[in-house]
Structures are given as structure tokens and as C-alpha cells.
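Visitor: below is the sequence, then the predicted model.
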Amino acid sequence: MRIGAHVDSADPLAEAAARGAEAVQFFLTDPQKYNSPKPRADADRIRASDIEVYVHAPYIINVASPNNRIRIPSRKLLMAHARAAAELGAKGLIVHGGHVGSGADLEAGFANWRKAFEYAESDGGLPLPVLIENTAGGDNACARRFDALARLWDAVGSFGAGFCLDTCHAFAGGEDLVGIVDRVKAITGRIDLIHANDSKGGFDSGQDRHDNLGNGKIDTELVVAAIRASGAPAIVETPGGIDGQAADIALLRERAGN
């Protein structure tokens, strides 16, 4: 069980060392722009490291969208980031579940997710696992409520989609953290990564606002229990820079029995 942090992309291995992290997650480009990643000069060093690497896709990607101007560029950008992440030896590419917008048919979002995987297959296939992450807000989100997640998995599960469970998103999205791993696995059959975050917002608030473990509204033992039950690596996406994240990593390492 590896425990690490989301870090700045400039020198992720140095950031890992500074935090005592065994895994890192980072962006390859500005997460709010449709920029394709460029080759990295440190790719060989990252691949050769014993640090486990995950790449987070840009937030702007929304393959579920009914808007062609969003959905089609999102598909292409997802493939570009998947290929770039694979070049770094990443274990997975994390992408948010997306949404269809107010008044739109959520079923169309699930169909669009399926088309995204079909597009990937037609374009040479995905070179690494794509880990769909549950999200905190939105009434027409594909992966906020677990009833919607089940419908999403009906559409994409056969393509080998992976899953990333974010504890802050689940709590703020209105899903009880007690027994959450069993409920997720009953839907997806797998949890590939845990985003181990506390929440500044309250239960079912819809607020995607991460906090350091023990500082927010979530009982830290529930985060620890999710990590233990899943057996998956954990990444903290918490504030406080090196000191804040190092403290969160140390807490999880001690209490999750790593």
C-alpha cells in the first residue's frame, strides 16, 4: 500500500522526497486549458524511479457533455494525456466523471462516456488504465451519486475502466463513507486509487473543497478505513504544501498500518 500526494509537476520526484511520499500525482498541463502535453526531459528519470506515478487529466475534460465543442476536444485530449502519462510509466490517468449540464438527459452522458472508450479503441487503444473519479457537485453529474455511477459502469465497465474514490467528493456529494468500499466495489468491481482528502464542506454540500486530515468535517478514521478496505494506493490532495501533505502522509501511514 503506497501513500503519496498530488504535487507540482516541475520536479515530482523531488516533491515526493520532500514529503516522504511513495507515490505522486500531478498534472501534465494547465488543468483548466485544452493543452496537449509535451515530451518531458525527465521522462527517463521518472520511469526509472521506484516512486509510483499517477497523472491527473485536466479538469476541463468532460467526455459526457452533450456539447460537441466540449465533448469532441475532450475525447482527443484524454487520449493525448493517456499517451503522455504512459510514456512516464504512470499507473493510471485520473479523469473526473463529468456532467451533462442542467436540464440535459443524464443517460446521454453515459452514452457519451461509452463513445469515448469506443473512440479510444478506434484510435489505437488506451495505453494505461483510465481511472474515473467520483465528483462532489452537480445534479446532472455522471459519478456523484452512486446510483448514477452504477449506470455509468453499465456503459463503460466492459472496456476495463478503473475507479478512483475521492473521500472528500463522496462525503460532499452525499455518499456515506461507512462501508463505502463495499458499495463501490459492488458497482465497479474495483478501486484502483484513493484520493484521501478531508472536506471543508459539510455532508451533501456539493462543495469540492479539500482539507487536511482531521481539520475538516470527515472523521479521519473513515478515510483510514476506506484505504484499509480497498487495499489501494492513496494520494492526498490536501493544502499546506510540503508540511501539510507530509503530515497527512505520516498520519495515514501510521493509522492505515503501512
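Guide: Arrived safely.
Visitor: so the closest residue to Thr29 other than its chain neighbours, which of the three states?
Guide: In space, and not counting its chain neighbours, Thr29 is closest to Asn35: 4.1 Å by Cβ to Cβ, 6 or more residues apart in numbering. Quick note: C-beta positions are derived from backbone N, CA and C, even for glycine. What DSSP: H, G, I helix; E, B strand; the rest coil gives for Asn35 is coil.
Visitor: now the strands for the stretch 1-150 of the chain?
Guide: Under the criterion DSSP state E, counting those that start in this stretch, strands of the stretch 1-150 of the chain are mapped to 3-6, 23-26, 52-56, 92-96, 130-133.
Visitor: same list (those) but as JSON lines, adding mean pLDDT.
Guide: Shown next, in JSON lines, are the strands of the stretch 1-150 of the chain (pLDDT from 0 to 100):
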{"stretch": "strand 3-6", "mean pLDDT": "98"}
{"stretch": "strand 23-26", "mean pLDDT": "98"}
{"stretch": "strand 52-56", "mean pLDDT": "98"}
{"stretch": "strand 92-96", "mean pLDDT": "98"}
{"stretch": "strand 130-133", "mean pLDDT": "98"}
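Visitor: and the residue nearest to Thr29, how far from Thr188?
Guide: Look at Asn35 and Thr188: by Cβ to Cβ, to the nearest Å, they are 30 Å apart.
Visitor: so how many other residues sit close to the residue lying closest to Tyr119 once chain neighbours are set aside?
Guide: With Cβ to Cβ, 6+ apart as the criterion, Tyr119 has its nearest non-adjacent residue at 5.0 Å, and that residue is Arg75. Look at Arg75: counted by other Cβ atoms under 10 Å, it has 20 neighbours.
Visitor: now do Arg75, the pLDDT please.
Guide: In this prediction, Arg75 carries a pLDDT score of 97.
Visitor: contacting residues around it?
Guide: Contacts of Arg75 were listed using Cβ atoms under 8 Å, 6 or more residues apart in numbering, and they are 63, 115-116, 119-120.
Visitor: write the ChimeraX selection for whichever of those are buried.
Guide: The command below creates a ChimeraX selection of those among the contacts of Arg75 that count as buried (16 or more other Cβ atoms under 10 Å):
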select :63,116,120
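Visitor: okay, and which of the contacts of Arg75 map to helices?
Guide: Restricting those to those inside helices, with DSSP state H as the criterion, leaves 115-116, 119-120.
Visitor: which one of these sits closest to Ala48?
Guide: Nearest to Ala48 out of the ones in helices among the contacts of Arg75 is Ala120 (Cβ to Cβ; 27.5 Å).
Visitor: from Phe27, how far out is that closest one?
Guide: Distance of Ala120 to Phe27, computed by Cβ to Cβ: 20 Å.
Visitor: please, where are all the helices along the stretch 51-200 of the chain?
Guide: Residue ranges of the helices in the stretch 51-200 of the chain, as given by DSSP state H, counting those that start in this stretch, are 68-87, 106-122, 146-156, 167-172, 180-188.
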